[in-house]
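*Asks:* Here is a sequence together with a model predicted from it:
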Amino acid sequence: MANQKEQNLKLNINPEVAKGTYSNLVVVSHNPSEIVLDFAQMLPGLEGATVRERVIMSPIHAKRLLMALNDNIKKYEQQFGAIVEPTADGTVPYDILGKA
């Protein structure tokens with residue numbers, strides 16, 4: 001999350017973390033000093049959702065994350081087309097590549 005200037009930041013990541021964690025649900029909560037993001041999975045045939053990762057950050061870092069996500073979504077949509085919400089029946093009106 002950079003300021004106005006580009007920052008060259010070298011990130012070190014171990015192989016286990018590099019695998020990532022799939023999430024199709026995020027629950028956001030907060031108190032006066034922290035924003036909490038619970039990344040969870042809801043899978044067919046299973047009751048409820050399982051929290052896979054919890055990320056806790058300060059409000060200023062959460063705001064910077066919001067700005068970075070907005071910027072990246074705009075760039076993604078410029079490259080691949082608009083991201084469309086599923087319809088009420090759960091279908092998505094485009095193929096897996098995002099093309100109508």
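*Replies:* On my side now, so go ahead.

*Asks:* so who does Tyr22 touch?
*Replies:* For Tyr22, the contacting residues are Gln41, Arg52, taking C-beta atoms under 8 Å, 6 or more residues apart in numbering as the criterion. C-beta: built from backbone N, CA, C; applies to glycine.

*Asks:* Quick one, grab the pLDDT at it.
*Replies:* Model confidence at Tyr22, expressed as pLDDT, equals 94.

*Asks:* Confirm that it sits in a helix.
*Replies:* No. Counting by DSSP: H, G, I helix; E, B strand; the rest coil, one finds Tyr22 to be coil, located in no helix.

*Asks:* what secondary structure does Asn12 sit in?
*Replies:* Here Asn12 takes the coil state, with states given by three-state DSSP.

*Asks:* That one: how many residues sit nearby?
*Replies:* The burial metric for Asn12, expressed as a neighbour count using other C-beta atoms under 10 Å, is 5.

*Asks:* how near is it to Pro86?
*Replies:* Distance of Asn12 to Pro86, computed by C-beta to C-beta, to the nearest Å: 37 Å.
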